[in-house]
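*Asks:* Please find the sequence and the predicted model below.
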Amino acid sequence: MGQLREVHAELESSVFGGDAGEALAGLRRLGDALLRLMERLPAARPRLAGVLTSTVESIVLAGVEGSVPAADRAGELATWLAGNAFGALEGFESRLADILDPDTREALVEECVRRSVEADILPEGRGPCRAWWSGLVHVLRAESDSVEDWISAADAAGAMGVERRVWEALILASSGESARSLAGVRALSVSALQDGEEEWSRRVEVLEDDVLRILGRDHEAFERVIASWRSAQDEVHVRRMRRLLRHPDRGSAVDRAAARLAAGGSVQERVVLQAARGDAVRLAEEVQRISDSDLEGLPPEVLGEAATMLREVAPLEAGRIFLRLGMIDGAEMSLGAQNRAMVSFEAARECFDRAGSFWVWKEALTRLLQRYENNTVFGPVFRARFTGPARGRRSAVERGPKASSSVEGSGGGEAPGPGTMVPPRPSGGARPSRSSGSAPAVFVRGSSVRRSGESERPVAPAIPESMSRRPPVPPSPVAAQGIEPEAFSERPQSSVTRRALRRDASGNPLVIRRRVEPVADEDVDPDS
């Protein structure tokens with residue numbers, strides 16, 4: 001990889017050093033070599049892709065510097081794009097607008113149009129289809145300043161129908177023919193509604209906003225958005241409002257219309273307006289005035305955007321919004337909605353804590369527990385998350401003793417605290433019999449009390465003392481041979497030496513032919 005990058009750097013430097021023709025030939029050879037490597041070494045394709053992309057880009061630049069005809073450069077570039085080089089050139093066409101000169105770009109468009117026509121003649125699988133070449137024309141023309149040229153090329157490449165009519169409306173709007181442009185867009189909207197294409201009808205509404213903005217009548221578009229919002233509180237209308245209020249070329253009439261809405265609109269409309277404008281200070285003021293029921297009636301997209309805006313500047317108001325979001329998602333049955341509800345509730349608890357109003361969360365938690373009491377799907381998950389033990393937050397001493405339990409000899413009093421003496425276990429390791437009338441044994445660890453009957457592990461029976469001793473080890477065969485290695489000496493052995501020993505099934509040490517050097521005990525870590 002390093003050598004390939006060095007070769008590419010040398011060839012690229014020669015492009016601007018005056019020997020562009022030779023560099024172009026070298027870059028082409030390098031590109032072919034990279035393709036062969038990617039074909040033979042599939043695992044190396046991700047690492048070779050960056051070098052290949054830079055090589056193709058350098059081929060284009062070298063063709064410009066070397067005065068290669070634009071048609072030849074376009075044909076070669078179209079071949080590279082059609083091959084795609086195992087995905088290395090995916091999305092590369094979007095960068096061509098920055099590196100191509102106008103002549104080469106026009107030549108590439110014509111080449112793509114020609115190949116799109118040939119794609120219908122060639123057998124299937126012999127190259128990209130007509131739609132692929134048409135999409136490439138769209139990408140190249142999207143960066144063009146002339147929309148008329150784009151439409152002419154799109155017509156030649158096969159872009160017809162609704163998309164062409166949309167661009168025609170934009171052309172008419174930019175040329176000042178407002179009557180024809182608006183009539184065309186509205187006719188398109190009516191046609192989409194009649195065909196039942198609701199999604200396309202919404203896109204046409206956005207297009208109409210753009211046409212009115214181009215004509216300098218974006219305040220009319222804003223009023224139309226408000227009217228649409230009042231008829232149906234849809235998130236699409238919120239996006240349209242956001243596009244109009246945050247557009248850098250909006251007119252002053254839009255700001256005046258927004259000011260009138262902020263002064264006389266409903267509290268829900270004012271919250272939506274300030275969220276669309278991105279004014280966090282005024283949004284916090286409006287959230288303070290709105291009731292919980294009105295807040296829950298807003299679209300989730302508006303609530304999410306408002307909560308994100310207020311999370312740092314007004315955590316108390318953000319906590320209220322996150323709480324509403326969690327309740328909206330918690331009412332749904334899908335797993336994704338319940339996961340979003342958990343995230344929103346966690347954010348609400350964090351915001352209330354940061355605002356110094358954790359008591360608000362406690363009251364809300366009580367109401368939520370009652371709300372989800374009969375919910376067999378979301379209720380158990382919610383209770384386990386927010387009413388379970390707070391693991392990792394406090395130590396056992398800080399949590400204090402658990403529930404009291406009767407201890408033998410204590411008469412059923414309180415549980416012993418840390419450091420309390422417990423009656424010793426009887427000698428011989430035997431435990432008190434459960435059949436007797438005495439209370440079962442109680443284990444005390446710090447402040448935690450637990451009965452042996454409630455333990456997670458079964459109680460093992462007592463082992464007689466006669467069976468607890470290890471049987472004697474027979475004499476070692478090594479000692480019988482008169483060999484006494486240093487590793488088997490009677491001195492206390494370190495852990496390193498003990499790990500080096502090997503024994504057979506009877507426990508006898510085996511003969512070790514290598515010499516094991518003893519290690520001093522003070523040099524060995526006792527925890528190893």
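*Replies:* Right, received. Where do you want to start?
*Asks:* What distance do you get for the residue lying closest to F345 once chain neighbours are set aside to E301?
*Replies:* Once flanking residues are discounted, F345 sits nearest to G326: 4.3 Å by C-beta to C-beta, 6 or more residues apart in numbering. Quick note: C-beta positions are derived from backbone N, CA and C, even for glycine. Distance, G326 to E301, using C-beta to C-beta, to the nearest Å: 15 Å.
*Asks:* Neighbour count for the two, which is higher?
*Replies:* Legend: neighbour count by other C-beta atoms under 10 Å for G326 and E301, higher for G326 (24 against 14).
*Asks:* Show me which positions of the helix or strand containing that one end up buried.
*Replies:* Using DSSP states H and E, G326 maps to helix 315-330. Using 16 or more other C-beta atoms under 10 Å as the test for burial, helix 315-330 gives 315-330.
*Asks:* So what touches it?
*Replies:* The contact list for helix 315-330 (C-beta atoms under 8 Å, 6 or more residues apart in numbering) reads 284, 287-288, 292, 295-296, 300, 303-304, 306-307, 310-311, 337-338, 340-342, 344-345, 347-352, 354-355, 357, 360-361, 364, 368, 371-372, 378, 382.
*Asks:* hmm, try it at 7 Å
*Replies:* 284, 287-288, 292, 295-296, 300, 303-304, 306-307, 310-311, 337-338, 340-341, 344-345, 347-348, 351-352, 354-355, 357, 364, 378 (C-beta atoms under 7 Å, 6 or more residues apart in numbering).
*Asks:* Let's test this: mean pLDDT of the helix or strand following that helix, rounded?
*Replies:* For helix 315-330, the following helix or strand on the C-terminal side (DSSP H and E) is helix 335-354. Across helix 335-354, pLDDT averages out at 88.
*Asks:* Give me the angle between helix 335-354 and helix 315-330.
*Replies:* Per axes from the mean of the first three to the mean of the last three C-alpha atoms, to 10 degrees, the angle that helix 335-354 makes with helix 315-330 is 160 degrees.
*Asks:* and the very next helix or strand once past helix 335-354, what's its mean pLDDT?
*Replies:* Later in the chain than helix 335-354, the nearest helix or strand by DSSP H and E is helix 358-371. Computed over helix 358-371, the mean pLDDT rounds to 90.
*Asks:* Residues touching helix 358-371, excluding its own?
*Replies:* By C-beta under 7 Å, 6+ apart, helix 358-371 touches 323, 348-349, 352, 382-383, 386.
*Asks:* out of the residues you listed, which are buried?
*Replies:* Buried, going by 16+ other C-beta under 10 Å: 323, 348-349, 352, 382, 386, out of these.
*Asks:* Quick check: the farthest pair among those residues?
*Replies:* F352 and F382 (16.7 Å; C-beta to C-beta).
*Asks:* What sits closest to G216 if chain neighbours are left out?
*Replies:* Nearest non-adjacent residue to G216, counting by C-beta to C-beta, 6+ apart: G251, 6.1 Å away.
*Asks:* for the one you found, phi and psi?
*Replies:* With angles defined as degrees, to the nearest 10, G251 sits at phi -80, psi 160.
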